[in-house]
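Asks: Predicted model follows, preceded by the sequence.
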Amino acid sequence: KAGVTQTPRYLIKTRGQQVTLSCSPISGHRSVSWYQQTPGQGLQFLFEYFSETQRNKGNFPGRFSGRQFSNSRSEMNVSTLELGDSALYLCASSLGDSYSGNTIYFGEGSWLTVV
Amino acid sequence: QQQVKQSPQSLIVQKGGISIINCAYENTAFDYFPWYQQFPGKGPALLIAIRPDVSEKKEGRFTISFNKSAKQFSLHIMDSQPGDSATYFCAASRGSNYQLIWGAGTKLIIKP
């Protein structure tokens, strides 16, 4: 069974540009969550999508957005990039049903550098 | 009330020693407590998890101890090995809202 796949793995963008990151969840998983991780920092929750609907949202500005497609694949977009957006962006998938305790599986992340 | 407080921030242990990482929570509705392990350049991966109906769960060298009255849970790594060097995150979730609340992480270094 293939794991969570994130693309691209590495990218460099200029301040003011926008970026789109992609995530393919494990087959059968309907929930996709996105996290931002800066060096030496913890996991900052961005948002979670379940069956194409945003179900949970973290405390990030509106420049950060996402969506989920009917095949559960998800994209996140960051507009008007700032230097502080440089981070590892992690996608995680799970079955996502209402039962607490579903294991979430992370991808290897997309490293974004803003210059 | 939604926070999970993790300590220490970093930890250095000699090979063969016991590594202990602690987490504390406030929300008594939490009913699932996983620990994730993250190696540099990789995404976190589930290591071990516990529910509050048991006080301890062991998988190999890794043990979660859970103290419901103190609202604390901890990860113990016995016979720590250099390959255990990683960042460890605790987390908690509750009921039908499965969204995980994460600790800040502990960077563990095992000295050979």
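Replies: That came through fine. Keep in mind that this is a model prediction, so the values were computed, not measured. Residues are numbered from 1 along each chain as shown, chains lettered A, B, ... in the order given.

Asks: Quick check: residue B:44 vs residue A:105, distance?
Replies: Here the distance between residue B:44 and residue A:105 works out to 9 Å (C-beta to C-beta, to the nearest Å). (C-beta placed from N, C-alpha, C; glycine too.)

Asks: my bad, residue A:87
Replies: 20 Å.

Asks: In which helix or strand does the closest residue to residue B:37 other than its chain neighbours reside?
Replies: Setting aside the residues directly before and after it, residue B:37 is nearest to residue B:47 in space (C-beta to C-beta, 6 or more residues apart in numbering or on different chains), at 4.5 Å. Residue B:47 is located in strand B:45-50, with elements delineated by DSSP states H and E.

Asks: any residues touching that strand, and which ones?
Replies: Applying C-beta atoms under 8 Å, 6 or more residues apart in numbering or on different chains, the contact partners of strand B:45-50 are A:101, A:103-106, B:32-38, B:56-57, B:59, B:62-64, B:66, B:73, B:75, B:88.

Asks: how does it look with 7 Å?
Replies: A:103, A:106, B:32-37, B:57, B:59, B:62, B:64, B:66, B:73 (C-beta atoms under 7 Å, 6 or more residues apart in numbering or on different chains).

Asks: can you name the two of those that are farthest apart?
Replies: A:106 and B:66 (23.8 Å; C-beta to C-beta).
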